[in-house]
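K.L.:
structure for the following, please:
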Amino acid sequence: MTDFGPSRALLRRVRVACLLAALGGVAVNAHAQCGDWEPVGTGRSGSVFAMTVFDDGSGPALYAGQSFPNQSPGIARWDGSAWLPFAGYFTDGGMNPSIHALKGWNDGTGPALYVAGIFGSVDWIPGTGNIVRLRASTGWEPVGDGISSYRRQEEVYALASLGGWLYAGGAFEERFGNPGNNIARWNGSAWSPLGGGVGAAWDAVFALEVFNDGSGPALYVGHSSWHSDFIDRWDGSSWWPVGTGVSGSVSALKVFDDGNGPALYAGGWFTGAGGNPANRIARWDGTAWSALGEGVSGGGINALTVFDDGTGPALYAGGTFTEAGGRPASRIARWDGTAWTPLGAGVSGGQWAAVHAMSVFDDGTGPALYAAGRFEEA
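P.N.:
The predicted model follows:
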């Protein structure tokens, strides 16, 4: 989403059991001890909205995407000791360029890193508006004709893959000569809409996740449209409701098994799910919605991921909230299936402080949770 605050962010790393990580651009003197924060290199300038682990053939690496007001390289790769930026001039697409989604996917011609967000093009290559792919052997490549038009400011916020398709969600309309509001799919050679899409022209898709509720894998879509209760399910041919949905925008989706079987977790800015109270986060088991204790408050949720810190897998939530489970928790917290736990003092940096993305990566010294966003202290 649009970044209105100061362009400052930090990247830090969480280690097994008691260390946390996040992303950014201002150096911080933090030491890696239990409950404290550890910086990852010198961070990156600009707010960081996306991270993923991708193997370009040279081994898995952590990739980060950010906002960059001067068209500077928006993608960087962490090699375990330093950030390595990728050359590429991202042109202005109507506002400062920014990367909001990263996804590794193979369309049958080899693995590539798909990069999406808000930009006019990369290196002025035709067809690279708001989505482009990066290969180690050939560099930047278009994805069809991209996702752009002259009718409105197009934006892509989420990517997911299912059944030989790459799905892109965001804020765009009438693609490919068909009404395809805010979501489309790519099969390696052409884009196509998903029925009539999601919501209206003023809405946006913020999150995509694949989940099997027992009837087969399907794509779940979190968005800002109240017309369909802010979340929908696409089974490959038709749209379906997800119970009675939630009461506000959904900006994060993640599958997690808390010991009772896999379920879909939705985070965002809502206060109810399935007609019952649920503060900013809720669980869908395929049949009914349920709350996660007292949830979070003081802000919303931007990102969800699963990480095992040595005590078992848990769900981690990042965002702008200041409390979790009724306890202070600055922008990041852990849900173990029963209770919320803050991660040390969390992160801070004024009213705009936020965690926007999280990823799990092993740089050779053990798995760690990386959390990225915009903050100055941890």
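K.L.:
burial count for Ile332?
P.N.:
Neighbours of Ile332 under the rule other Cβ atoms under 10 Å: 28. C-betas here are computed from N, CA, C, even on glycine.
K.L.:
the closest residue in space to Asp362 that isn't next to it in sequence and Gly80, how far apart?
P.N.:
Leaving aside its chain neighbours, Asp362 sits nearest to Ala368 (7.1 Å; criterion: Cβ to Cβ, 6 or more residues apart in numbering). Between Ala368 and Gly80 the computed distance is 11 Å (Cβ to Cβ, to the nearest Å).
K.L.:
tell me which of those two has more neighbours.
P.N.:
Higher neighbour count among Ala368 and Gly80: Ala368, with 23 against 14, using other Cβ under 10 Å.
K.L.:
and Ser297, how many neighbours?
P.N.:
Using other Cβ under 10 Å: Ser297 sits among 16 other residues.
K.L.:
for this structure, where's the lowest mean pLDDT among helices and strands?
P.N.:
Taking mean pLDDT, DSSP states H and E as the measure, the chain has strand 21-24 as its least confident helix or strand, at a mean of 34.
K.L.:
against Asp309, how distant is the residue nearest to Asp362?
P.N.:
On the measure of Cβ to Cβ, Ala368 and Asp309 end up 9 Å apart.
K.L.:
do Asp285 as well
P.N.:
Distance of Asp285 to Asp309, computed by Cβ to Cβ: 25 Å.
K.L.:
what about those two, which has more around it?
P.N.:
Asp309 (21 against 15).
K.L.:
ok but His227 is inside a helix, no?
P.N.:
Yes - residue state for His227 (DSSP: H, G, I helix; E, B strand; the rest coil) corresponds to a helix.
K.L.:
wait, what's in contact with it?
P.N.:
Gly199, Ala200 (Cβ atoms under 8 Å, 6 or more residues apart in numbering).
K.L.:
can you list the strands that the host helix or strand of the residue nearest to Asp362 pairs with?
P.N.:
Ala368 belongs to strand 367-374 when assigned by DSSP states H and E. In the sheet, strand 367-374 lines up against strand 10-14 (antiparallel), strand 354-362 (antiparallel) (DSSP bridges).
K.L.:
with just CA atoms, put the last one into PDB.
P.N.:
I take that to be strand 354-362. Extracted in PDB, the C-alpha atoms of strand 354-362 (Å, rounded to 0.1, in the frame of the first residue of the first chain):
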ATOM      1  CA  ALA A 354       5.600  -1.100  10.700                       C
ATOM      2  CA  VAL A 355       6.500  -4.600   9.800                       C
ATOM      3  CA  HIS A 356       5.500  -5.300   6.100                       C
ATOM      4  CA  ALA A 357       7.000  -8.600   5.300                       C
ATOM      5  CA  MET A 358       8.500 -11.800   6.900                       C
ATOM      6  CA  SER A 359      10.400 -14.800   5.600                       C
ATOM      7  CA  VAL A 360      12.300 -17.800   6.900                       C
ATOM      8  CA  PHE A 361      15.800 -18.300   5.600                       C
ATOM      9  CA  ASP A 362      18.900 -20.300   6.500                       C
END
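K.L.:
per-residue pLDDT of Asn29, please?
P.N.:
Note for Asn29: predicted pLDDT of 24.
K.L.:
swap in Val40?
P.N.:
Per the predicted model, pLDDT is 68 at Val40.
K.L.:
now Glu174
P.N.:
60.
K.L.:
Val296 contacts Tyr316, correct?
P.N.:
No - the pair Val296 / Tyr316 is not scored as a contact, 11.8 Å apart, by Cβ atoms under 8 Å.
K.L.:
quickly list what's touching both of those two.
P.N.:
With Cβ under 8 Å, 6+ apart as the test, Val296 and Tyr316 both reach Ala333.
K.L.:
show me the contacts for the residue nearest to Gly164 when sequence neighbours are not counted.
P.N.:
Nearest non-adjacent residue to Gly164, counting by Cβ to Cβ, 6+ apart: Asn187, 6.4 Å away. Asn187 makes contact with Asp107, Gly164, Trp165, Leu166, according to Cβ under 8 Å, 6+ apart.
K.L.:
how about Gly318?
P.N.:
So Gly318 contacts 301-304, 331-332, 354-358, 371, 373 (Cβ under 8 Å, 6+ apart).
K.L.:
just Asn212 next, same as before
P.N.:
Contacts of Asn212 (Cβ under 8 Å, 6+ apart): Ala218, Pro262.
K.L.:
who does it bridge with?
P.N.:
With DSSP bridges as the rule, Asn212 is bridged to Pro217.
K.L.:
same check, this time on the one 10 residues further on
P.N.:
Counting by DSSP bridges, Gly222 is bridged to Ala207, Ile231.
K.L.:
let's verify Thr287: helix, strand, or coil?
P.N.:
coil.
K.L.:
that one and Gly274, how far apart?
P.N.:
Taking Cβ to Cβ, one finds Thr287 at 10 Å from Gly274.
K.L.:
neighbour-wise, which of those two wins?
P.N.:
Gly274 (21 against 9).
K.L.:
surely that one meets Thr244?
P.N.:
Yes - shown here, Gly274 and Thr244 form a contact pair, counting by Cβ under 8 Å, at 5.5 Å.
K.L.:
anything in contact with each of the two?
P.N.:
Residues touching both Gly274 and Thr244 (Cβ under 8 Å, 6+ apart) are Trp289.
K.L.:
what sits up against stretch 264-272?
P.N.:
Under Cβ under 8 Å, 6+ apart, the answer for stretch 264-272 is 206-207, 209, 211, 213, 220, 222, 230-231, 246-256, 273, 277-286, 292, 300-304, 315, 317, 319.
K.L.:
any of those buried? List them.
P.N.:
206-207, 209, 211, 213, 220, 222, 230-231, 246-256, 273, 278-284, 292, 300-304, 315, 317, 319 (16 or more other Cβ atoms under 10 Å).
K.L.:
from those residues, which ones fall inside strands?
P.N.:
If you go by DSSP state E, the buried ones among the contacts of stretch 264-272 have 206-207, 209, 211, 220, 222, 231, 250-256, 273, 281-284, 301-304, 315, 317, 319 in strands.
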